[in-house]
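K.L.:
any chance you can model this:
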Amino acid sequence: MIIIYLSNRYIRVLSGDAAGERISVHKVYHAVDTAGCILNGTVTDEEGFLEIIKGIWESNNLPRTGIGLVIDSSQFISRVVDVPLQKPAQTLEYLSREFADADRISDPLYGYFPMPGSAGHKAKMQTVYAAVVQREFIQAYLNLFGKLGITVSSVENGVGTMIRLLASLPQMKEATGIVQFVDDMILVNILLVNGKYEYSNRTRLFSDPGTPGFTEEAARAVGSIRQFASAQHITEGLESVYIAGFSREDAERYKTGSGQGGNLRIVELDGGTVMKETEAGGRFSDYALAAGGLVKTDARTNLMSQMSKGRGKQNSLSKSAKKWLLPVILGGVLAAAAAAAGIHTFFLSLKLAEVQEYNESAEVLEACERYDSLTHAIQSAGGLKQNLQELRAGILEYPLVDSTVNNVLSSCAAGLVTAEVSSYDASTGVITFNTSAANVDQIHQFATLLSQQQIFAAVDYSGYSQDSEGTWRVKVNCILAPRQGE
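P.N.:
You can find the predicted model right below:
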(Lines give C-alpha, C1' and ligand atoms only; values in the text may rest on other atoms or scores of the structure.)
Protein backbone atom coordinates (compact mmCIF):
# COMPACT_ATOMS: atom_id res chain seq x y z
CA MET A 1 0.00 0.00 0.00
CA ILE A 2 1.19 3.53 -0.77
CA ILE A 3 0.59 6.34 1.77
CA ILE A 4 1.23 10.01 1.03
CA TYR A 5 1.32 12.48 3.95
CA LEU A 6 0.61 16.15 3.23
CA SER A 7 0.70 19.18 5.50
CA ASN A 8 3.48 21.67 4.77
CA ARG A 9 6.85 21.72 2.98
CA TYR A 10 7.88 18.12 3.66
CA ILE A 11 5.93 15.70 1.45
CA ARG A 12 6.34 12.09 2.61
CA VAL A 13 5.44 8.96 0.64
CA LEU A 14 5.94 5.43 1.93
CA SER A 15 5.07 1.91 0.86
CA GLY A 16 4.22 -0.78 3.35
CA ASP A 17 1.46 -2.86 4.89
CA ALA A 18 -0.06 -3.71 8.24
CA ALA A 19 -1.41 -6.95 9.70
CA GLY A 20 -2.89 -6.95 13.17
CA GLU A 21 -0.68 -4.81 15.37
CA ARG A 22 2.39 -5.23 13.15
CA ILE A 23 3.30 -2.50 10.66
CA SER A 24 5.91 -3.02 7.95
CA VAL A 25 7.43 -0.09 6.09
CA HIS A 26 9.21 -1.15 2.91
CA LYS A 27 10.37 2.10 1.36
CA VAL A 28 10.26 5.82 2.17
CA TYR A 29 10.34 8.67 -0.35
CA HIS A 30 10.18 12.37 0.30
CA ALA A 31 10.37 15.76 -1.39
CA VAL A 32 10.74 19.30 -0.11
CA ASP A 33 8.37 21.97 -1.39
CA THR A 34 10.69 24.98 -1.61
CA ALA A 35 8.17 27.12 -3.53
CA GLY A 36 5.36 27.11 -0.96
CA CYS A 37 2.95 25.04 -3.09
CA ILE A 38 1.18 23.61 -0.01
CA LEU A 39 0.49 25.26 3.33
CA ASN A 40 -1.40 23.80 6.30
CA GLY A 41 -2.67 20.94 4.14
CA THR A 42 -4.06 23.27 1.44
CA VAL A 43 -2.57 23.40 -2.06
CA THR A 44 -1.79 27.00 -3.02
CA ASP A 45 0.00 26.34 -6.34
CA GLU A 46 -1.54 23.45 -8.28
CA GLU A 47 1.02 23.33 -11.09
CA GLY A 48 3.96 23.36 -8.69
CA PHE A 49 2.35 20.73 -6.46
CA LEU A 50 1.64 18.42 -9.42
CA GLU A 51 5.27 18.71 -10.58
CA ILE A 52 6.48 17.55 -7.15
CA ILE A 53 4.09 14.57 -7.01
CA LYS A 54 4.81 13.65 -10.63
CA GLY A 55 8.55 13.67 -9.89
CA ILE A 56 8.16 11.30 -6.91
CA TRP A 57 5.92 8.89 -8.83
CA GLU A 58 7.86 8.75 -12.09
CA SER A 59 11.34 8.59 -10.57
CA ASN A 60 10.34 5.67 -8.33
CA ASN A 61 7.81 3.96 -10.65
CA LEU A 62 5.13 3.91 -7.94
CA PRO A 63 1.70 2.28 -8.47
CA ARG A 64 -1.16 4.64 -9.31
CA THR A 65 -4.11 2.89 -7.68
CA GLY A 66 -5.13 2.21 -4.10
CA ILE A 67 -3.36 5.27 -2.72
CA GLY A 68 -3.99 6.34 0.88
CA LEU A 69 -3.98 10.12 1.48
CA VAL A 70 -3.25 11.51 4.97
CA ILE A 71 -3.76 15.26 5.41
CA ASP A 72 -2.89 17.23 8.53
CA SER A 73 -4.86 20.46 8.26
CA SER A 74 -6.99 22.82 10.33
CA GLN A 75 -9.67 22.29 7.66
CA PHE A 76 -10.70 19.22 9.68
CA ILE A 77 -12.76 19.44 12.86
CA SER A 78 -12.33 16.33 15.03
CA ARG A 79 -13.71 15.03 18.31
CA VAL A 80 -13.70 11.92 20.46
CA VAL A 81 -17.34 11.02 21.13
CA ASP A 82 -19.41 8.16 22.52
CA VAL A 83 -21.92 6.80 20.00
CA PRO A 84 -24.40 3.90 20.05
CA LEU A 85 -23.22 0.58 18.65
CA GLN A 86 -24.89 0.47 15.25
CA LYS A 87 -24.20 0.07 11.54
CA PRO A 88 -21.64 2.44 9.94
CA ALA A 89 -24.27 4.27 7.88
CA GLN A 90 -26.33 4.93 11.01
CA THR A 91 -23.25 6.10 12.92
CA LEU A 92 -22.36 8.56 10.16
CA GLU A 93 -25.89 9.93 10.34
CA TYR A 94 -25.51 10.24 14.11
CA LEU A 95 -22.26 12.18 13.67
CA SER A 96 -24.01 14.72 11.44
CA ARG A 97 -26.02 15.71 14.51
CA GLU A 98 -22.97 15.57 16.79
CA PHE A 99 -21.24 18.16 14.57
CA ALA A 100 -24.32 20.33 14.10
CA ASP A 101 -22.49 23.28 15.67
CA ALA A 102 -19.74 23.18 13.00
CA ASP A 103 -21.70 25.54 10.76
CA ARG A 104 -18.57 26.88 9.03
CA ILE A 105 -18.38 23.60 7.06
CA SER A 106 -20.83 23.38 4.15
CA ASP A 107 -21.54 20.11 2.30
CA PRO A 108 -19.69 18.11 5.00
CA LEU A 109 -18.10 14.66 4.84
CA TYR A 110 -17.89 12.58 8.02
CA GLY A 111 -15.47 9.81 8.94
CA TYR A 112 -14.65 7.88 12.10
CA PHE A 113 -12.90 4.88 13.62
CA PRO A 114 -13.28 3.17 17.03
CA MET A 115 -10.73 4.43 19.55
CA PRO A 116 -8.09 1.76 20.27
CA GLY A 117 -8.79 -0.11 23.49
CA SER A 118 -12.32 1.27 23.88
CA ALA A 119 -14.28 -1.81 22.84
CA GLY A 120 -16.67 -3.11 25.45
CA HIS A 121 -16.01 -0.41 28.04
CA LYS A 122 -19.67 0.67 27.91
CA ALA A 123 -22.71 -1.45 27.24
CA LYS A 124 -24.22 -0.75 23.81
CA MET A 125 -21.87 2.21 23.25
CA GLN A 126 -18.50 2.76 21.60
CA THR A 127 -15.97 5.58 21.72
CA VAL A 128 -14.89 6.83 18.31
CA TYR A 129 -12.52 9.41 16.86
CA ALA A 130 -14.68 11.39 14.42
CA ALA A 131 -13.75 14.06 11.89
CA VAL A 132 -15.69 16.32 9.53
CA VAL A 133 -14.38 18.26 6.54
CA GLN A 134 -15.85 20.09 3.54
CA ARG A 135 -16.47 17.86 0.51
CA GLU A 136 -14.94 20.47 -1.81
CA PHE A 137 -11.62 20.27 0.10
CA ILE A 138 -11.33 16.51 -0.54
CA GLN A 139 -12.66 16.71 -4.11
CA ALA A 140 -9.93 19.22 -4.99
CA TYR A 141 -7.27 16.66 -4.01
CA LEU A 142 -8.99 13.87 -5.95
CA ASN A 143 -9.06 16.10 -9.04
CA LEU A 144 -5.36 16.97 -8.69
CA PHE A 145 -4.22 13.36 -8.33
CA GLY A 146 -6.61 12.39 -11.12
CA LYS A 147 -4.68 14.66 -13.51
CA LEU A 148 -1.66 12.40 -12.94
CA GLY A 149 -3.70 9.20 -13.32
CA ILE A 150 -3.43 8.48 -9.59
CA THR A 151 -6.51 7.02 -7.86
CA VAL A 152 -6.99 7.79 -4.16
CA SER A 153 -8.84 5.05 -2.24
CA SER A 154 -8.81 6.54 1.29
CA VAL A 155 -8.50 9.98 2.89
CA GLU A 156 -7.77 10.51 6.59
CA ASN A 157 -7.11 13.26 9.10
CA GLY A 158 -3.46 13.37 10.22
CA VAL A 159 -4.19 13.37 13.97
CA GLY A 160 -6.40 10.28 13.57
CA THR A 161 -3.59 8.26 11.96
CA MET A 162 -1.18 9.41 14.71
CA ILE A 163 -3.57 8.05 17.35
CA ARG A 164 -3.78 4.64 15.63
CA LEU A 165 0.00 4.50 15.19
CA LEU A 166 0.64 5.17 18.90
CA ALA A 167 -1.80 2.39 19.83
CA SER A 168 0.24 -0.09 17.77
CA LEU A 169 3.68 0.77 19.22
CA PRO A 170 4.97 -1.45 22.06
CA GLN A 171 6.76 1.57 23.51
CA MET A 172 3.42 3.32 24.13
CA LYS A 173 1.50 0.40 25.67
CA GLU A 174 0.12 1.58 29.02
CA ALA A 175 2.31 4.71 28.72
CA THR A 176 1.34 8.01 30.31
CA GLY A 177 3.00 11.07 28.81
CA ILE A 178 2.99 13.61 26.01
CA VAL A 179 3.81 12.81 22.38
CA GLN A 180 5.05 15.58 20.08
CA PHE A 181 5.09 15.26 16.29
CA VAL A 182 6.92 18.03 14.38
CA ASP A 183 6.06 18.75 10.76
CA ASP A 184 7.86 21.87 9.53
CA MET A 185 6.11 24.80 11.30
CA ILE A 186 3.37 22.69 12.95
CA LEU A 187 3.74 20.89 16.30
CA VAL A 188 1.08 18.30 17.18
CA ASN A 189 0.84 17.49 20.90
CA ILE A 190 -0.99 14.36 22.11
CA LEU A 191 -1.69 13.49 25.74
CA LEU A 192 -1.81 9.76 26.56
CA VAL A 193 -2.97 8.31 29.87
CA ASN A 194 -2.27 4.61 30.40
CA GLY A 195 -1.74 4.24 26.66
CA LYS A 196 -5.09 5.81 25.75
CA TYR A 197 -5.70 9.08 23.94
CA GLU A 198 -6.90 11.87 26.20
CA TYR A 199 -6.36 15.19 24.38
CA SER A 200 -4.46 16.82 21.48
CA ASN A 201 -3.79 20.21 19.94
CA ARG A 202 -1.85 21.77 17.07
CA THR A 203 0.60 24.64 17.66
CA ARG A 204 2.37 26.82 15.12
CA LEU A 205 6.14 27.08 15.63
CA PHE A 206 7.64 30.51 14.96
CA SER A 207 11.31 29.60 15.49
CA ASP A 208 13.40 27.86 12.83
CA PRO A 209 14.63 24.27 13.37
CA GLY A 210 18.20 24.14 14.60
CA THR A 211 17.82 27.17 16.87
CA PRO A 212 17.43 27.20 20.68
CA GLY A 213 14.07 28.92 20.28
CA PHE A 214 12.72 25.88 18.40
CA THR A 215 13.06 23.48 21.34
CA GLU A 216 12.03 26.21 23.79
CA GLU A 217 8.70 26.52 21.97
CA ALA A 218 8.27 22.73 22.11
CA ALA A 219 8.92 22.79 25.87
CA ARG A 220 6.36 25.58 26.36
CA ALA A 221 3.79 23.51 24.48
CA VAL A 222 4.44 20.65 26.92
CA GLY A 223 3.84 23.08 29.79
CA SER A 224 0.44 24.00 28.33
CA ILE A 225 -0.54 20.34 28.02
CA ARG A 226 0.57 19.65 31.60
CA GLN A 227 -1.53 22.56 32.86
CA PHE A 228 -4.54 21.14 31.01
CA ALA A 229 -3.85 17.70 32.48
CA SER A 230 -3.58 19.19 35.96
CA ALA A 231 -7.00 20.81 35.53
CA GLN A 232 -8.31 17.33 34.66
CA HIS A 233 -6.63 15.93 37.80
CA ILE A 234 -4.05 14.00 35.75
CA THR A 235 -0.71 14.43 37.48
CA GLU A 236 1.17 11.11 37.38
CA GLY A 237 3.70 10.25 34.66
CA LEU A 238 3.65 13.56 32.79
CA GLU A 239 7.41 14.01 32.96
CA SER A 240 7.87 11.75 29.89
CA VAL A 241 7.80 13.39 26.44
CA TYR A 242 8.05 11.21 23.31
CA ILE A 243 9.18 13.08 20.19
CA ALA A 244 9.11 12.43 16.44
CA GLY A 245 10.07 14.59 13.48
CA PHE A 246 12.89 16.39 15.31
CA SER A 247 16.33 16.39 13.68
CA ARG A 248 19.06 14.57 15.59
CA GLU A 249 20.57 17.92 16.59
CA ASP A 250 17.26 19.37 17.82
CA ALA A 251 16.45 16.15 19.67
CA GLU A 252 19.78 16.29 21.50
CA ARG A 253 19.33 20.00 22.32
CA TYR A 254 15.82 19.27 23.61
CA LYS A 255 17.14 16.50 25.88
CA THR A 256 19.95 18.55 27.37
CA GLY A 257 17.91 21.72 27.77
CA SER A 258 14.65 20.15 28.90
CA GLY A 259 14.82 21.72 32.36
CA GLN A 260 12.97 24.73 30.96
CA GLY A 261 9.96 22.48 30.46
CA GLY A 262 9.92 21.27 34.06
CA ASN A 263 12.30 18.31 34.53
CA LEU A 264 11.19 16.58 31.35
CA ARG A 265 12.43 13.18 30.24
CA ILE A 266 12.77 13.41 26.45
CA VAL A 267 12.58 10.10 24.57
CA GLU A 268 12.55 9.57 20.79
CA LEU A 269 9.55 7.62 19.53
CA ASP A 270 10.59 4.03 18.83
CA GLY A 271 9.09 2.08 15.95
CA GLY A 272 9.39 -1.25 17.77
CA THR A 273 8.06 -3.81 15.30
CA VAL A 274 7.96 -1.11 12.63
CA MET A 275 11.22 -0.90 10.69
CA LYS A 276 13.50 1.63 12.36
CA GLU A 277 15.71 2.11 9.32
CA THR A 278 14.51 1.89 5.71
CA GLU A 279 16.27 1.32 2.43
CA ALA A 280 16.02 5.08 1.93
CA GLY A 281 18.05 5.60 5.10
CA GLY A 282 15.39 7.40 7.13
CA ARG A 283 14.80 7.13 10.88
CA PHE A 284 11.41 5.99 12.14
CA SER A 285 11.11 9.43 13.71
CA ASP A 286 11.28 10.97 10.23
CA TYR A 287 8.40 9.02 8.70
CA ALA A 288 6.26 8.26 11.78
CA LEU A 289 3.72 10.89 10.65
CA ALA A 290 2.93 8.88 7.52
CA ALA A 291 3.28 5.37 9.02
CA GLY A 292 -0.04 5.60 10.87
CA GLY A 293 -1.84 5.67 7.52
CA LEU A 294 -0.90 2.00 7.03
CA VAL A 295 -3.08 0.95 9.99
CA LYS A 296 -6.30 -0.07 8.27
CA THR A 297 -9.80 1.01 9.24
CA ASP A 298 -13.24 0.03 7.99
CA ALA A 299 -13.61 1.37 4.43
CA ARG A 300 -17.29 2.04 5.16
CA THR A 301 -16.35 4.67 7.77
CA ASN A 302 -13.66 6.42 5.71
CA LEU A 303 -14.30 9.88 4.24
CA MET A 304 -14.04 8.37 0.75
CA SER A 305 -17.07 6.15 1.41
CA GLN A 306 -19.27 9.23 1.00
CA MET A 307 -17.43 10.64 -2.02
CA SER A 308 -18.53 7.64 -4.10
CA LYS A 309 -22.01 7.34 -2.58
CA GLY A 310 -24.67 6.60 -5.15
CA ARG A 311 -22.29 5.54 -7.93
CA GLY A 312 -23.08 2.38 -9.75
CA LYS A 313 -26.80 2.29 -8.97
CA GLN A 314 -27.62 3.06 -12.58
CA ASN A 315 -25.99 -0.26 -13.63
CA SER A 316 -28.90 -2.41 -12.52
CA LEU A 317 -29.61 -4.03 -15.89
CA SER A 318 -28.42 -7.58 -16.23
CA LYS A 319 -25.50 -8.38 -18.52
CA SER A 320 -27.79 -10.30 -20.87
CA ALA A 321 -30.17 -7.37 -21.31
CA LYS A 322 -27.28 -4.98 -21.91
CA LYS A 323 -25.88 -7.29 -24.60
CA TRP A 324 -28.99 -7.02 -26.83
CA LEU A 325 -30.32 -3.63 -25.85
CA LEU A 326 -27.47 -1.55 -27.31
CA PRO A 327 -27.52 -3.08 -30.85
CA VAL A 328 -31.32 -2.73 -31.07
CA ILE A 329 -31.22 0.90 -30.03
CA LEU A 330 -28.38 1.71 -32.43
CA GLY A 331 -30.14 0.01 -35.35
CA GLY A 332 -33.33 1.99 -34.81
CA VAL A 333 -31.47 5.25 -34.45
CA LEU A 334 -29.46 4.71 -37.66
CA ALA A 335 -32.55 3.84 -39.72
CA ALA A 336 -34.42 6.89 -38.53
CA ALA A 337 -31.37 9.08 -39.06
CA ALA A 338 -30.94 7.91 -42.70
CA ALA A 339 -34.55 8.74 -43.64
CA ALA A 340 -34.47 12.10 -41.90
CA ALA A 341 -31.13 13.00 -43.52
CA GLY A 342 -32.48 12.59 -47.05
CA ILE A 343 -35.49 14.85 -46.43
CA HIS A 344 -33.45 17.37 -44.54
CA THR A 345 -30.81 17.66 -47.30
CA PHE A 346 -33.45 18.58 -49.90
CA PHE A 347 -34.85 21.45 -47.83
CA LEU A 348 -31.38 22.68 -46.90
CA SER A 349 -30.44 23.07 -50.58
CA LEU A 350 -33.43 25.39 -51.04
CA LYS A 351 -32.48 27.48 -48.04
CA LEU A 352 -28.81 27.72 -48.99
CA ALA A 353 -29.32 29.94 -52.05
CA GLU A 354 -31.52 32.30 -50.02
CA VAL A 355 -28.98 32.57 -47.21
CA GLN A 356 -26.06 33.23 -49.60
CA GLU A 357 -27.95 36.07 -51.27
CA TYR A 358 -28.75 37.63 -47.88
CA ASN A 359 -25.14 37.39 -46.59
CA GLU A 360 -23.77 39.23 -49.64
CA SER A 361 -26.19 42.17 -49.40
CA ALA A 362 -24.77 45.69 -48.70
CA GLU A 363 -26.76 46.06 -45.45
CA VAL A 364 -25.31 42.88 -43.97
CA LEU A 365 -21.73 43.75 -44.92
CA GLU A 366 -22.08 47.21 -43.33
CA ALA A 367 -23.54 45.66 -40.16
CA CYS A 368 -20.58 43.24 -39.94
CA GLU A 369 -18.14 46.18 -40.00
CA ARG A 370 -20.02 47.89 -37.17
CA TYR A 371 -20.04 44.58 -35.20
CA ASP A 372 -16.26 44.15 -35.57
CA SER A 373 -15.68 47.71 -34.36
CA LEU A 374 -17.94 47.28 -31.30
CA THR A 375 -16.39 43.91 -30.48
CA HIS A 376 -12.93 45.47 -30.37
CA ALA A 377 -14.19 48.23 -28.06
CA ILE A 378 -15.87 45.70 -25.73
CA GLN A 379 -12.71 43.57 -25.54
CA SER A 380 -10.65 46.63 -24.59
CA ALA A 381 -13.13 47.55 -21.86
CA GLY A 382 -13.18 43.95 -20.63
CA GLY A 383 -9.40 43.91 -20.34
CA LEU A 384 -9.48 47.10 -18.27
CA LYS A 385 -12.17 45.62 -16.02
CA GLN A 386 -10.13 42.43 -15.50
CA ASN A 387 -7.08 44.48 -14.50
CA LEU A 388 -9.14 46.45 -11.98
CA GLN A 389 -10.64 43.25 -10.53
CA GLU A 390 -7.18 41.70 -10.11
CA LEU A 391 -5.97 44.89 -8.40
CA ARG A 392 -8.98 44.84 -6.05
CA ALA A 393 -8.43 41.12 -5.28
CA GLY A 394 -4.79 41.81 -4.46
CA ILE A 395 -5.77 44.58 -2.05
CA LEU A 396 -8.40 42.39 -0.39
CA GLU A 397 -5.80 39.70 0.29
CA TYR A 398 -4.50 41.88 3.12
CA PRO A 399 -6.43 41.11 6.34
CA LEU A 400 -8.36 44.04 7.79
CA VAL A 401 -8.79 44.71 11.48
CA ASP A 402 -12.10 46.49 12.02
CA SER A 403 -15.14 46.37 14.28
CA THR A 404 -15.94 42.85 13.00
CA VAL A 405 -12.88 41.46 14.82
CA ASN A 406 -13.93 43.13 18.06
CA ASN A 407 -17.52 41.91 17.69
CA VAL A 408 -16.38 38.31 17.05
CA LEU A 409 -13.97 38.49 19.99
CA SER A 410 -16.70 39.80 22.32
CA SER A 411 -19.17 37.16 21.13
CA CYS A 412 -16.73 34.25 21.66
CA ALA A 413 -15.50 35.56 25.01
CA ALA A 414 -18.96 36.23 26.47
CA GLY A 415 -19.51 34.22 29.63
CA LEU A 416 -16.16 32.43 29.33
CA VAL A 417 -13.12 34.71 29.48
CA THR A 418 -11.90 38.28 29.56
CA ALA A 419 -9.97 39.06 26.37
CA GLU A 420 -8.19 42.17 25.11
CA VAL A 421 -6.30 42.78 21.87
CA SER A 422 -2.63 43.37 22.76
CA SER A 423 -0.99 43.57 19.33
CA TYR A 424 -1.49 43.22 15.56
CA ASP A 425 1.15 42.56 12.87
CA ALA A 426 -0.21 43.72 9.48
CA SER A 427 2.60 41.97 7.57
CA THR A 428 1.66 38.52 8.86
CA GLY A 429 -1.99 39.06 9.83
CA VAL A 430 -1.29 37.83 13.39
CA ILE A 431 -3.48 39.44 16.05
CA THR A 432 -2.74 38.66 19.73
CA PHE A 433 -5.21 38.61 22.64
CA ASN A 434 -4.40 38.60 26.37
CA THR A 435 -6.96 36.24 27.89
CA SER A 436 -7.87 35.43 31.50
CA ALA A 437 -10.42 33.06 33.01
CA ALA A 438 -11.30 31.30 36.23
CA ASN A 439 -10.28 27.88 34.87
CA VAL A 440 -8.38 26.33 31.95
CA ASP A 441 -11.44 24.72 30.37
CA GLN A 442 -13.00 28.13 29.72
CA ILE A 443 -9.88 29.21 27.84
CA HIS A 444 -9.97 26.03 25.72
CA GLN A 445 -13.66 26.63 24.93
CA PHE A 446 -12.86 30.22 23.96
CA ALA A 447 -10.01 29.10 21.62
CA THR A 448 -12.28 26.46 20.05
CA LEU A 449 -14.95 29.09 19.32
CA LEU A 450 -12.33 31.37 17.75
CA SER A 451 -11.08 28.54 15.47
CA GLN A 452 -14.63 28.12 14.14
CA GLN A 453 -14.88 31.76 13.01
CA GLN A 454 -14.40 32.45 9.30
CA ILE A 455 -12.37 35.60 9.94
CA PHE A 456 -9.50 33.53 11.45
CA ALA A 457 -7.33 31.20 9.33
CA ALA A 458 -5.58 29.66 12.36
CA VAL A 459 -5.64 29.91 16.18
CA ASP A 460 -3.02 28.84 18.72
CA TYR A 461 -2.32 29.71 22.31
CA SER A 462 0.53 29.34 24.79
CA GLY A 463 2.11 30.79 27.92
CA TYR A 464 -0.22 29.64 30.68
CA SER A 465 0.21 31.35 34.05
CA GLN A 466 -1.84 31.53 37.24
CA ASP A 467 -1.82 34.56 39.54
CA SER A 468 -2.18 34.64 43.31
CA GLU A 469 -5.96 34.90 43.04
CA GLY A 470 -6.20 31.66 41.03
CA THR A 471 -6.95 33.33 37.68
CA TRP A 472 -5.49 31.61 34.60
CA ARG A 473 -3.90 33.79 31.95
CA VAL A 474 -2.81 32.84 28.45
CA LYS A 475 -1.77 34.58 25.22
CA VAL A 476 -3.90 33.66 22.16
CA ASN A 477 -2.52 34.23 18.65
CA CYS A 478 -4.93 34.33 15.69
CA ILE A 479 -4.03 34.59 12.01
CA LEU A 480 -6.63 36.66 10.21
CA ALA A 481 -8.04 35.14 7.03
CA PRO A 482 -7.82 37.16 3.79
CA ARG A 483 -10.92 39.23 3.07
CA GLN A 484 -13.32 37.67 0.57
CA GLY A 485 -14.72 40.95 -0.76
CA GLU A 486 -16.60 44.03 0.35
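K.L.:
quick one: Ser465 and Ile443 touch, right?
P.N.:
No: in this structure Ser465 lies outside contact range of Ile443 using Cβ atoms under 8 Å: 11.5 Å. To be clear about C-beta, it is placed using only N, CA and C from the backbone, and glycine gets the same treatment.
K.L.:
I figured Asp43 hits Ala140, correct?
P.N.:
That one is not Asp; residue 43 is Val. Yes: the criterion here is Cβ under 8 Å, and Val43 meets it with Ala140 at 7.0 Å.
K.L.:
the two: which is more packed in?
P.N.:
Val43 (16 against 13; other Cβ atoms under 10 Å).
K.L.:
what sits opposite that one in the beta ladder?
P.N.:
Val43 has these beta-bridge partners by DSSP bridges: Ile38.
K.L.:
gap between the strand or helix carrying Val155 and the chain center?
P.N.:
For Val155, the host element (DSSP states H and E) is strand 152-157. Relative to its chain's centre, strand 152-157 lies at 11 Å (Cα atoms, centre = their mean, to the nearest Å).
K.L.:
pull up the pairing partners for that strand, direction included.
P.N.:
Strand 152-157 has these strand partners (DSSP bridges): strand 67-71 (parallel).
K.L.:
residues contacting the partner strand, please?
P.N.:
1-7, 41, 141, 145, 150-158, 161, 289-290, 292-294 (Cβ atoms under 8 Å, 6 or more residues apart in numbering).
K.L.:
show me which of those are buried.
P.N.:
Buried members of the contacts of strand 67-71, counted by 16 or more other Cβ atoms under 10 Å: 1-7, 41, 141, 145, 150, 152, 154-158, 161, 289-290, 292-294.
K.L.:
please narrow these to those residing in strands.
P.N.:
The members of these that map onto strands under DSSP state E are Ile2, Ile3, Ile4, Tyr5, Leu6, Val152, Ser154, Val155, Glu156, Asn157.
K.L.:
JSON lines for these, including pLDDT?
P.N.:
Formatted as JSON lines, these follow (pLDDT from 0 to 100):
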{"residue": "Ile2", "pLDDT": "93"}
{"residue": "Ile3", "pLDDT": "93"}
{"residue": "Ile4", "pLDDT": "94"}
{"residue": "Tyr5", "pLDDT": "93"}
{"residue": "Leu6", "pLDDT": "93"}
{"residue": "Val152", "pLDDT": "93"}
{"residue": "Ser154", "pLDDT": "91"}
{"residue": "Val155", "pLDDT": "93"}
{"residue": "Glu156", "pLDDT": "92"}
{"residue": "Asn157", "pLDDT": "91"}
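K.L.:
for the residue nearest in space to the middle of the chain, helix, strand, or coil?
P.N.:
The chain has Ser73 as the residue nearest its centroid, 3.5 Å off, counting by Cα atoms, centre = their mean. Secondary structure for Ser73, judged by DSSP: H, G, I helix; E, B strand; the rest coil, is coil.
K.L.:
test my guess that it contacts Gly158.
P.N.:
Yes: here Ser73 reaches Gly158: they are 7.4 Å apart, a contact under Cβ under 8 Å.
K.L.:
what touches both of the two?
P.N.:
Ser7, Gly41.
K.L.:
which positions in stretch 158-178 come out as buried?
P.N.:
Neighbour-count burial for stretch 158-178 [16+ other Cβ under 10 Å]: 158-169, 172, 175-178.
K.L.:
that one spans what distance, first to last residue?
P.N.:
Taking Cα to Cα, to the nearest Å, the first and last residues of stretch 158-178 lie 17 Å apart.
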